[in-house]
Structures are given as C-alpha cells and as structure tokens.
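Chemist: I would like to see how this sequence folds:
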Amino acid sequence: MSVRAPVTELENLTPGGVPVVVEGGEAKVTGSAWKLAAYVFLENRLAVLGLAFVILVVLFCFVGPLIYRTDQINTDITQITQAPSAAHPLGTDNVGYDVLGRLMVGGQTSLEIGLIAALLATTFGVLWGAVAGFVGGWLDQLMMRIVDSLLAIPTLFLLLVLAAMFVPSVPMLIFIVALVAWLVPARLIRGETLSLRSREFVDAVRVMGGSDFRIVLRHIIPNTIGTIMVNATFQVADAILTIAALSFLGLGVPPPATNWGGMLSDGVSYTFAGYWWLIYPAGLAIVITVVAFNLIGDAMRDAFEVRLQRR
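Modeler: As a prediction, the model looks like this:
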C-alpha cells in the first residue's frame, strides 16, 4: 500500500523524511506504516491547525501565568466589572478577578480534567472491551449488558446525580467524567476484539504457549491502537464539554478555583448589561479547544486507516 501524490509535490515530501519513488509519472510515498500515517496527518491542514491551537492553548494556560502574574485568590471589590484596559487586557469579572489571568487558571483546570478523565476512561474502557470480546460467552454478555444499562441512562442526568452526591473537587470531577465516558471505548474495542481474536496470529500465540492474558495485552490491544488513539482524542474534547456543562449548572470546582464553564456561568447573568468580556473569552476558549481536538481526531482516523491498509 502506498499513498500517491503528484510529482510536483516531490520536493515537499523528501525533506520531511518520507521516502518517495516516482513510478508512471506519479510520486509514491513509501516507508514504514507510521511514516505513512504521519504523512497523511500532516497533509491535513485543518489537523495541523488544530494541533497548533492545542499547543498554543496549553502554553497559554500553563506558561502564561508565569509571565502574566495575577492574584487569583484574593479579590478587589473596587475593581469589579471593569472594561478591558492596559491594566486588565480582558477586563475584570463580577468579583474583581483579572479575566485574562482567570482564563489561564480556568484553562488549567479544564485541560487537566479533560486529559486525565479521557486517559482513565479510555484505559478502563479498552481493558473492559478487550476482555469481554476475547473471552466471549456469558461473561461477554454480562459485561456488555452492564455497558448497555449505563448507556440507557441519560448522561446529563447521571452526571447531575453523581455531582450532587459528592463534594465537587478536581479529583472528584475527573472520576465523575471518567465514570460515564468509558462506555463508548468499551463498545468500540469489544467490536475490534471480536474481529481480531479469530486471526491467525492469535492461534500462533496459543500454539506457542501464550496465555490469554498475554494475548489480550500484547497482541489484541496493540492491534486496536488506531481506534484507541482516535477515540482518546475525541474523549478529551467530550470531557472538556462535560465539565463545562457541569460548571455551567453550578456543579463545578468551588471558588476560588474555576474553569471555563464556571466563568461562562458567572458571566451569563451579565449578558444584557453589556459586559461582553465576561462571556466571550471563556466561550471562545471552550469552542476553539474542542474544535481543535476534534480536528486532530478526524485526521488521526484518516491517518490510521492508511496505516492499517499498509499492514
């Protein structure tokens, strides 16, 4: 399997480290499957733009506070709802916090919850789905009926119940979001596993004395890496939206901590007062970050389809 490209692009391919062979007037991209996947990903300009936005958002949230220092613990009530100025580029909020500094700190919370919750949900979902699909039989039926039962419960309702039962904190919100997010990867990996368990390489490992545990961890799961990585990317975006929704409903981290959803919730009551800087910065941050992760996920799906075709 190779990816064809016009000969006119030959000079753009070679410096990137991807071998190119010209056959029949066309440039054929050769090399390892991972190089092909990387080439397909980088050819997607929207994906590259999304990756650039994610990097900028991470730098903005985690490096920005080291450069633009603001007090995000104590407030000055004499400085409330000030319009953007040289002293406060994005103004101040309804309790006197600098909105730009608040946006950075809130982004840290949103990204931390999104990334860690997605990692936990994907890890648990992958293991659950791989075990269910590989073992099969009554255990598969039992495990997947549990997944179906949880999927039947409206996600927002389940989130509200869980958030109301526990005291909101970053670790607790990570747990709550991960608890409802692992169901989708579990179903996806279970489907992949049902296809993979009948392959010849599984029989070969059995003949060589490999245990079921080794087959699942060393052979089944690695062969679903494309599905895992694509789903994990979308899981981050979904987790950021979920935590924003919970915070918008007043179930986010308690003050003085905040996140983008909490900032948006606080600013909504000032919509008709003309204080646009309390609404648009947090809203745009959520939209840009979620769209960027979705663009990366779409491109990774295309890239891994090419990589798998090469195998």
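Chemist: quick one: low-confidence ranges for the stretch 1-150 of the chain?
Modeler: 1-34 (pLDDT under 70).
Chemist: which residues of it fall in strands?
Modeler: Along the stretch 1-150 of the chain, the stretches classed as strands by DSSP state E, counting those that start in this stretch are 3-6, 20-23, 26-29.
Chemist: pLDDT weak spots in the stretch 201-311 of the chain?
Modeler: The stretch 201-311 of the chain contains residues with pLDDT under 70 at 305-311.
Chemist: where along it do the helices fall?
Modeler: 212-215, 225-248, 260-268, 280-310 (DSSP state H, counting those that start in this stretch).
Chemist: can you list the domain ranges for the protein.
Modeler: When the chain is parsed with automatic domain parsing, its domains come out as 3-43, 46-310.
Chemist: pick the most buried one from the ones you listed.
Modeler: domain 46-310 (a mean of 18; mean count of other C-beta atoms under 10 Å). Yep, even glycine has a C-beta here, placed from its N, CA and C like the rest.
Chemist: distance from that domain to the middle of the chain?
Modeler: Taking C-alpha atoms, centre = their mean, to the nearest Å, the mean C-alpha location of domain 46-310 is offset from the chain mean by 5 Å.
Chemist: the helices of the stretch 201-311 of the chain: which one's closest to residue 185?
Modeler: helix 225-248 (5.1 Å; C-beta to C-beta).
Chemist: from residue 202, how far off is residue 141?
Modeler: Residue 141 sits 21 Å away from residue 202, taking C-beta to C-beta, to the nearest Å as the criterion.
Chemist: quick check: chain neighbours aside, which residue is closest to the residue nearest the centre of the chain?
Modeler: The centre of the chain sits closest to residue 236, judged by C-alpha atoms, centre = their mean, with a distance of 1.9 Å. The shortest distance from residue 236 to any non-neighbouring residue, by C-beta to C-beta, 6 or more residues apart in numbering, is to residue 118 (4.4 Å).
Chemist: surely the one you found meets residue 241?
Modeler: No: using C-beta atoms under 8 Å, residue 118 makes no contact with residue 241, being 11.6 Å away.
Chemist: residues contacting the residue nearest to residue 271 when sequence neighbours are not counted?
Modeler: Leaving out its chain neighbours, the residue that sits closest to residue 271 by C-beta to C-beta, 6+ apart is residue 279, at 6.4 Å. Shown in contact with residue 279 (C-beta atoms under 8 Å, 6 or more residues apart in numbering): 264, 267-268, 270-271.
Chemist: of these, closest to residue 99?
Modeler: residue 267 (9.0 Å).
Chemist: will you turn the helices of the stretch 201-311 of the chain into JSON lines that also has distance to residue 198?
Modeler: What follows is those, written out as JSON lines (distance: least, C-beta to C-beta, whole Å):
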{"stretch": "helix 212-215", "distance to residue 198": "12"}
{"stretch": "helix 225-248", "distance to residue 198": "17"}
{"stretch": "helix 260-268", "distance to residue 198": "45"}
{"stretch": "helix 280-310", "distance to residue 198": "17"}
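Chemist: of the ones you listed, which is nearest residue 186?
Modeler: Of the helices of the stretch 201-311 of the chain, nearest to residue 186 by C-beta to C-beta is helix 225-248, at 10.2 Å.
Chemist: for the closest one, packing partners?
Modeler: Judged by 3 or more C-beta pairs under 8 Å, 6 or more residues apart in numbering; DSSP states H and E, the packing partners of helix 225-248 are helix 99-135, helix 155-165, helix 170-181, helix 183-196, helix 260-268, helix 280-310.
Chemist: reformat those helices as a markdown table; add distance to residue 227.
Modeler: A markdown table is the format used below for those (distance: least, C-beta to C-beta, whole Å):
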| stretch | distance to residue 227 |
| --- | --- |
| helix 99-135 | 9 |
| helix 155-165 | 21 |
| helix 170-181 | 15 |
| helix 183-196 | 6 |
| helix 260-268 | 29 |
| helix 280-310 | 8 |
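Chemist: on that earlier part again, quick one, what contacts the residue nearest to the centre of the chain?
Modeler: Residue 236 neighbours (C-beta under 8 Å, 6+ apart): 114-115, 118, 293.
Chemist: also residue 133?
Modeler: Counting by C-beta under 8 Å, 6+ apart, residue 133 touches 140, 189-194, 197, 220.
Chemist: how close does it sit to residue 50?
Modeler: 31 Å.
Chemist: now swap in residue 227 and tell me
Modeler: Relative to residue 50, and taking C-beta to C-beta, residue 227 is found at 20 Å.
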